[in-house]
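>>> can't give you the sequence, but here's the structure:
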């Protein structure tokens, strides 16, 4: 199959590599992209195409981009007359997924990725829903991307992603917010000592979580808003994940920090002490 991947970030590059490993021709649009993106794409074996217009002779388009760009990316594809299968693999609410579907039509496949970039077996699931989900899942057979079809039609894969990330990423925001609160009140040492007694492993999780999320917090802002929207649509309180979006927003400046920021640096940013 001829597959266009938009755009090969850390996750997208691994998805593209899995498809290349299964013998598919995977292209990406190189115009106005950074050297880091080019390096990722080359490392994954993707074939560069100069423009989106040139790339849309593909059979399938897979979008893996920040959630707040998902609708605009879909529009840029559909307004050029693309009639193949369009897979939105972004961390968006079912409401946003429905907006993408309204642009794409019956060739739309809803997707949600759980786990880290797929460079090791057993770590990464690509959940898919919609009438053509089985066909897309078959592209990844026996690859490092474990593609699974979710019952429920378009929107189901996005709903699952929102539920999963609501805890996985929301809980780290909560832990870091609590540590910042303790720091603000001068009880950090006492809190960490108590965690060592009653919550073994939580201190280490907060420290490793601070470093790991510092590099990705800029992307998590939009995802937290999408999760909040999902809660609201279900008539459930959404304020927690709106607050998580603000916490991650305060960490967004660490995007290009080599190795990520340590916990103390992250807490200072959250408390706006720098």
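Now that the structure is in, tell me what you want to look at. Remember, predicted model here, so these are calculated numbers, not experimental data.
>>> buried set for the longest helix anywhere in the chain?
Across the chain, the longest stretch assigned as helix under DSSP state H is helix 156-184. Buried residues in helix 156-184, counting neighbours by 16 or more other CB atoms under 10 Å, are found at 156-162, 164-166, 169-170, 172-173, 175-177, 179-180, 182-183. Quick note: C-beta positions are derived from backbone N, CA and C, even for glycine.
>>> Off-centre distance for the strand or helix carrying residue 20?
Per DSSP states H and E, residue 20 falls inside helix 10-21. Here the centre of helix 10-21 is set off from its chain's centre by 14 Å, with CA atoms, centre = their mean, to the nearest Å.
>>> so where's the chain shaky on pLDDT?
Scanning the chain for pLDDT under 70 picks out nothing.
>>> Show me where it has its helices.
10-21, 35-44, 52-55, 70-78, 94-104, 133-138, 156-184, 188-198, 202-214, 217-233, 239-250, 263-270.
>>> My read is that residue 225 contacts residue 243, right?
No: taking contacts as CB atoms under 8 Å, residue 225 lies outside contact range of residue 243: 11.2 Å.
>>> In terms of packing, which of these two has more residues around it?
More crowded of residue 225 and residue 243, by other CB atoms under 10 Å: residue 225, with 20 against 16.
>>> neighbours of the residue nearest to the more buried one when sequence neighbours are not counted, just the number please.
Leaving out its chain neighbours, the residue that sits closest to residue 225 by CB to CB, 6 or more residues apart in numbering is residue 245, at 5.2 Å. Residues contacting residue 245 under the criterion other CB under 10 Å number 21.
>>> Any figure for the gap between residue 245 and residue 210?
Between residue 245 and residue 210 the distance is 17 Å, computed by CB to CB, to the nearest Å.
>>> got it, and residue 46?
Distance from residue 46 to residue 210, by CB to CB: 32 Å.
>>> Repeat that for residue 55.
Computed as CB to CB, the residue 55 to residue 210 distance reads 38 Å.
>>> go on, residue 68?
24 Å.
>>> cool, and residue 8?
Relative to residue 210, residue 8 is positioned 27 Å away (CB to CB).
>>> and what of residue 166?
20 Å.
>>> burial of residue 67, as a residue count?
Neighbourhood size, residue 67 [other CB under 10 Å]: 23.
>>> neighbours around the nearest residue to it once chain neighbours are set aside, how many?
Closest residue in space to residue 67, ignoring its immediate chain neighbours: residue 222 at 4.3 Å, by CB to CB, 6+ apart. By other CB under 10 Å, 21 other residues sit near residue 222.
>>> I'd like to know how far the residue positioned nearest the centre of the chain sits from residue 260.
For the chain, the residue nearest the mean C-alpha position is residue 91 (5.1 Å; CA atoms, centre = their mean). Distance, residue 91 to residue 260, by CB to CB: 20 Å.
>>> ok so, going back, ok, residue 8 and residue 210, which is more surrounded?
Neighbour comparison, residue 8 and residue 210: the larger count goes to residue 8, with 29 against 26 (by other CB under 10 Å).
>>> From residue 120, how far off is that one?
To residue 120, residue 8 is 18 Å away according to CB to CB.
>>> who touches the closest residue to residue 83 other than its chain neighbours in this structure?
Distances taken as CB to CB, 6+ apart put residue 107 closest to residue 83, at 6.9 Å, once the chain neighbours are dropped. Residues counted as contacts of residue 107 (CB atoms under 8 Å, 6 or more residues apart in numbering) are 83-86, 132.
>>> Mind checking which of those are buried?
Burial by neighbour count, judged by 16+ other CB under 10 Å, picks out 84-86, 132 from the contacts of residue 107.
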